[in-house]
Every structure is written in C-alpha cells, then in structure tokens.
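> Provide a 3D model corresponding to the input given below.
(chains A and B)
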Amino acid sequence: MNFKRIGVIGGGTMGQGISEMLAAKGLDVLLVEETPEKLNHAYSMIETSLDKQLEKWAITKAEKKLILSKIHKVTHFAELGTCDMVIETISEDLDAKKEIFKQLDQVCPSNILLASNTSTLSLTEIAGSTMYPERVIGMHFIYPVSRINLVEIIRGLKTSESTFEDTRRFVEEVVDKRGVMVYESPGFVTSRIICTMINEALHVLGEGVATAEDIDAAMRIGYQFQYGPLEMADRFGLDSVLAALERMFREFGELKYRPSFVLKKMVRAGNLGVKTGEGFFKYDKDGDRT
Amino acid sequence: MKVLVINSGSSSLKYQLYDMTDESVLAKGLVERIGMDSSILNHKPTGKEEVTEVSEILEHNTAIRKVLDMLTDPEHGVLESVGEIQAVGHRVVHGGEAFKGSVLVTGEVKSEIRRLFDLAPLHNPPAIMGITAAERNMPGVPQVVAFDTAFHQTMDEKVYLYPIPKVLYKKHHVRRYGAHGTSHEYVSKAAAEYLDRPIEDLKIITCHIGNGASLTAVKGGKSVDTSMGLTPLEGLMMGTRSGDLDPAIVTFVMNKEELSLSEVNSMLNKHSGLLAISGSSSDMRDITDGWEAGEPNETLAFEMYEYRLRKYIGSYAAAMNGVDVIVFTAGVGENSAIVREKVCQNLTYLGVELDKELNKIRSGDPRRISTPNSKVEVLVIPTNEELVIARDTHRIVQEEK
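Just a heads-up that it's a prediction; the model follows:
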C-alpha cells in the first residue's frame, strides 16, 4: 500500500500532534472534528506548535507553510473515503470509539486500514463494531508525537497479518519511528508501566514522603528521565492518567492499579495539568513551567 | 553521440540533452514537485518554444518517462525516437572514498552508492531513484555516474583528516570530502584554456559561490584542498549555512537552549549564514541592496561574508605557496560584481589588481577582470556541471566500445 493521504479523527492533543507529524513527513492529512470551531482550534494549536519549533530553529518559515498546507480541515466522515489509512485519536471512551469505527467501516473501502490511537482500550472490542475487523489495528503514539520515535502497534484478535505488516511498514518506513509489536492487554507496555510509576509517585506525595518538586528531581536527575513522574502526569493530562489507571484497575482487578486519592482530588478540582495551566506544577499557555 | 544528463533531487529532476559531436544542447528542462498530483514539467527545446505541462508524477520512473515523451514529441521534441539517446549521465552528490572519477553504472557501483546513503542521506537516495528509472525506461543504454566529491579525492591525508580520534575515520568514515567537485574541475580547466597556459604549471583558487559556497585550491590541475568537509556545512559563510565555527558552540547551544540533534542541525544549515545576520534574506542580491542603502544588518552580513571569503583565499594561497589565478563562478561569483570587487580590494598583498570597469561588465562568457599589471589573473568563468557530466559520459562509453 502506498500511503499518501491519512485521515486523523479528533483534534485533541494527540490528534494535533499526529497530524502535524504526518504533515511534516510530507503526507496529506484530513483532520476531522465535530464542529468547525473545534477544527479551527485544533488547527491554530498546530500553528502554535510550529511557531515554537520555528523559534527553536527546527523548521523554516517555508517549511511551516508547507506543513500547514498539508493539513486539510474536514467535518464530514464521507470525505475519509479517499484516505489510505484513518487514525482515530478521540478520548478514551470505548462506546464513542466503537461508534466512530462503525461509521468509518461504512465510508472507507474494506482495504483501507483503520487504526486507533488508544492507550488502554481493547482493540478486539473496538474492531467488533465493524464488518471488517481484520483491517482494524492499534497504533499508540506517545506525546509529544514529533519527538518520541516510538509507536506501539497493537494487534487485536482478528487483526490480519497483512494489516499488521502494512502498519509496521507505515510506522518504520513512512513516519520513521520504531514500532514495537504488542498483543492486546490493558495499558499495553508503555501506559501500564508508566501509569503505575506515576501512581506510585502520587502515593509517595500523598504520604508526605517528599515534595512534588523533590520527587520529580529524584527521578529526573537520578534516572535520567526527561520529566519527573508528576510533571509527566501533568503533561499527559491528569484526567487521562486517572482514566487509564481506573481501566487497568477494573480489568486486572489488582490493587496496584488503584488510582491514588491525590489524583482523584486533583481531577475533581479541575486541575488537569498543562492543559488547564495547573496540575502538580504551574504552566504558561505555551506549556512551559512557570 | 547524444547524451542525456540527469540530476535527480528528492522531488525534482533536471535534464539536459547534448549532441556530443559539437557539445551543443538540444534541449533542457526540469520536473518539479515529483510525488504530488500537480507536478510541473518545464521543457526548453533549443530553437523552439518553451513548454510547461502539469500532470500527476508520483515517482522518478514516471518523471523520466514524461521527459522521454517530451524529447520525442512531434511538436516540442528534438528526437525521432528514444533510441537516439546513446548514453545517460547522472550527477551523484557523494562518492565517498570509493569513487575518484566518473564510472559506468554496474550493480556493484549501485550498491556502493547505496552504502553511502549514511553520509548523504538527503542526496544519494534520489540519485539511485533516477538511475533505476533511467534503466527501466531505456534498457540497454549505458549509464555513467559523476560524483561531486570525486575531484577532491586527490587531497592528501594531512588535508582530509580531522584532528580527532582516528577511530572515527575508520569506523564512520569521518573525514573531509568536499563538494561542487564537477564545478571546480570545470572552471579550473577552463581557466587554463582561457589563459592558454598548461594547467600543470598553475596554482588556481576556484571560488564556487552560489547559495552553497566552496573554495578549492587547485595545484597542477588537482584539488589539494577544499573548504567543504564531511558535509557541505564546513567552510565559507553561505546563504543559510554558518560555515566554520567553534565546534563547542554546538554542544553549548544545545545545552543552553535545550535543542535536539535535528534542531541544532537545522539551525546551522537553514537558519544561519546571511539569513541569520541580516535577519531578512539569504539572497546576496537582497544583501547588497541593503548594504547600498546603508542598512546596518545587511551591511554586517555582507562584511562578514566578504571577510570570511577573503580569509579562505589567503589560506589557500598559503596552502599552495602562492596563487596564479583566482576564478569566480556560480550564482554570486558570476553575477555579483560588488562581492568580487570587495574581496579583491584587500588582496593587493598577493599582487591582485582588479580592473573595476572590466569587473562591472555582465556577460555569460569566461572573462578576465584583473588589470594587465596584476600578478594574479582574476577570472569570471560561468560553470557548467552538466557539460562535464556529458563529456565524462561520452568518454567512458566510447572507451567501453
């Protein structure tokens, strides 16, 4: 399969990052959101992200223009019929995802790959809502998409060998990232391990063992993480971390996945991290620590 | 013999068709935006009207087919049939240490060019695509490759090695390779011909200054030093490239600004040089306009550019223990009288004496711009890399027969 046009559903953090990365690789991107307002917001966020890269000399003005020109705003699913692959990136809500795949199944010819950027949900269940589950696969990108060169490729029970091979080739040759093959399991490899670590950091914070600043410094400097676990949680979005932990807790039934009460309180208070400007730390609108 | 010369980039393909009986150009053209649905083919047949065609050209194979269709087109073409093309010459950027001159394409040659992808990740892959496409469309026609690095393979070990751990050379082939070799070779030979003196007796400094820029010290017809290194970033200040700097700046800035490898790479290659200092343009024409208008940023950019260029000329005079000829070529070298004038103004210690009036004349021909009294001949020689490739192709294919 020749990958030229890729549909991206959802203009949230991951949808923006994936669209920008694909456009930077020279692919045409059809970015889908429910309303023109949401679509414009996502587009302007991509623009902001490119401006930040321009400031860091990563790209030139001409490259910024070229990347933006590759991203096409779309509000109707019907237009996705011309894509070579569609990547769904909406929030981690199984029913909503199933509904989307059901619709995609109808507008996209049966040889078109349908991928979900889920980090915790069951691919088999998502694929179950379609008539051609063999072309459904998981492609879990990691934030920030343009900098992290890893993708978990998740095989559902019915994902065909050719779907997996095409996806692996897309990840490794077209977008030039390392692909790891993962069999379906809650949280796969990355989310399962990182969310457990974040949760443990929250227990340490809740027990008053150390301050948020010191917990992060300990892990960042001590083990060469780019961000400490609490800042990492702020950057993922505390609501997303909570949702992932709750799902793993439910699926595995093991106490080690039970979300820390500190996390629950923060989410209830609406302090969701970078996207609200405050989580365990404070951030400006560019996402830099203040 | 009719020879087609091809220069393939990642999304473009330039071509020129030569009749080698008199080295005349039958047609030339350019395919742009390969890989997109509205690719542009611009075709200029000699003596006929120029044509532009927009169509979908998704890869190099289709691009070559379109070019061949155009060359044999009853209206715009210059050939009766594709069979008239008896050889194809390709430009390849990096020939590593394996290629010291142009060679006939064989399976082995292609695998060696592929092995060099590592050293020229942006430039060698499209060359292979061009070669494969030409082979498919013109089966049985001999093909030749000419390398930008080949002319500089005569440099001494003491010149091409960097004073860093030698294991890096052995393991990763880290050394100086240079670039624009075809151009430096062409203009140095043309200079000797123009002066009607044997090249073996001459010490020539060739200044290929365009958007990318490099200098070569040519002694007895051989490249003994050149300003570009492992990559085309070393040497002169250029349009958007920094040229020489303290290598510690790289790690210092990466640390201070938290830059990644690709960011610092892009900063030095795309955001530096004239563009960085002027803050407005990477084009020498804009810079000299600004300098004439007294704009401080453009003036500084111009002065830095000229100063660094002049220092390199001085160092190459030292490298060869003298200089007989200085040649200016490529976009800036051929067209910017003011750059040539300012550079030569402070080379009087070498005995350079510029004729300001001759320097101002615009022409497409090789010409002298120094006075009869000048101890060093200063020449402007328009470069012609395609012709060198066509000549090499012609010669190698003849030898094979």
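> buried residues, stretch A:43-58. List them.
A:Tyr43, A:Met45, A:Ile46, A:Glu47, A:Ser49, A:Leu50, A:Gln53, A:Lys56, A:Trp57, A:Ala58 (16 or more other C-beta atoms under 10 Å in any protein chain shown). In short, each C-beta sits where N, CA and C put it, glycine included.
> what of stretch A:55-73?
Under the neighbour-count rule (16+ other C-beta under 10 Å), stretch A:55-73 has A:Lys56, A:Trp57, A:Ala58, A:Ile59, A:Thr60, A:Glu63, A:Lys64, A:Ile67, A:Lys70, A:Ile71, A:His72 buried.
> residue contacts, A:Gly10?
In this structure, A:Gly10 makes contact with A:Val32, A:Glu33, A:Glu88, A:Thr89, A:Ile90, A:Ser91, judged by C-beta atoms under 8 Å, 6 or more residues apart in numbering or on different chains.
> circling back: tabulate the buried residues of stretch A:43-58 (a markdown table), appending pLDDT and distance to chain B.
As requested, those are arranged in a markdown table below (pLDDT from 0 to 100; distance: C-beta to the nearest C-beta, whole Å):
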| residue | pLDDT | distance to chain B |
| --- | --- | --- |
| A:Tyr43 | 96 | 21 |
| A:Met45 | 94 | 20 |
| A:Ile46 | 96 | 18 |
| A:Glu47 | 95 | 19 |
| A:Ser49 | 92 | 14 |
| A:Leu50 | 94 | 13 |
| A:Gln53 | 89 | 8 |
| A:Lys56 | 86 | 5 |
| A:Trp57 | 89 | 4 |
| A:Ala58 | 87 | 4 |
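> which strands and helices sit next to the helix or strand bottoming out on mean pLDDT in chain B?
Of the helices and strands making up chain B, the lowest-confidence element is strand B:36-45, at a mean of 86, by mean pLDDT, DSSP states H and E. The helices and strands touching strand B:36-45, judged by 3 or more C-beta pairs under 8 Å, 6 or more residues apart in numbering or on different chains; DSSP states H and E, are strand B:24-32, strand B:51-57, helix B:60-71.
> out of the ones you listed, deepest packed?
helix B:60-71 (a mean of 22; mean count of other C-beta atoms under 10 Å in any protein chain shown).
> narrow the buried residues of stretch A:55-73 to those in helices?
A:Glu63, A:Lys64, A:Ile67 (DSSP state H).
> out of the residues you listed, show me where the pLDDT dips lowest.
Minimum pLDDT for those is recorded at A:Glu63 (85).
> residues in contact with that one?
By C-beta under 8 Å, 6+ apart, the residues touching A:Glu63 are A:Ala24.
> before we move on, back to that, looking at the buried residues of stretch A:55-73, spot the one nearest chain B.
Each of the buried residues of stretch A:55-73 was checked against chain B using C-beta to the nearest C-beta; the closest is A:Trp57, at 3.5 Å.
> mind checking pLDDT for the residue of chain B found nearest chain A?
Nearest residue of chain B to chain A, counting by C-beta to the nearest C-beta: B:Met267, 3.5 Å away. According to the per-residue confidence, B:Met267 scores 93 in pLDDT.
> what's opposite the closest residue to A:Glu172 other than its chain neighbours in the beta bridge?
Sequence neighbours aside, A:Gly179 is the residue nearest to A:Glu172 in space, at 5.4 Å (criterion: C-beta to C-beta, 6 or more residues apart in numbering or on different chains). Counting by DSSP bridges, A:Gly179 is bridged to A:Val151.
> isn't A:Gly179 right next to A:Ile153, touching?
Yes: with contact defined as C-beta atoms under 8 Å, A:Gly179 and A:Ile153 form a contacting pair (4.9 Å).
> for B:Val3, list each beta-bridge partner.
Counting by DSSP bridges, B:Val3 forms beta bridges with B:Tyr18, B:Ala87.
> check contacts around it.
Counting by C-beta under 8 Å, 6+ apart, the residues that B:Val3 touches are B:Leu17, B:Tyr18, B:Met20, B:Ile85, B:Gln86, B:Ala87, B:Val88, B:Gly89, B:Ala390, B:Thr393, B:His394.
> tally of neighbours for the residue lying closest to B:Met320 once chain neighbours are set aside?
Excluding its sequence neighbours, the residue lying closest to B:Met320 (C-beta to C-beta, 6+ apart) is B:Lys203, at 4.4 Å. Under the neighbour criterion other C-beta atoms under 10 Å in any protein chain shown, B:Lys203 is assigned a count of 19.
> just the pLDDT for B:Glu56.
In this model, B:Glu56 is scored at 85, pLDDT.
> which residues touch it?
With contact set as C-beta under 8 Å, 6+ apart, B:Glu56 has these partners: B:Met36, B:Asp37, B:Ser38, B:Ser39.
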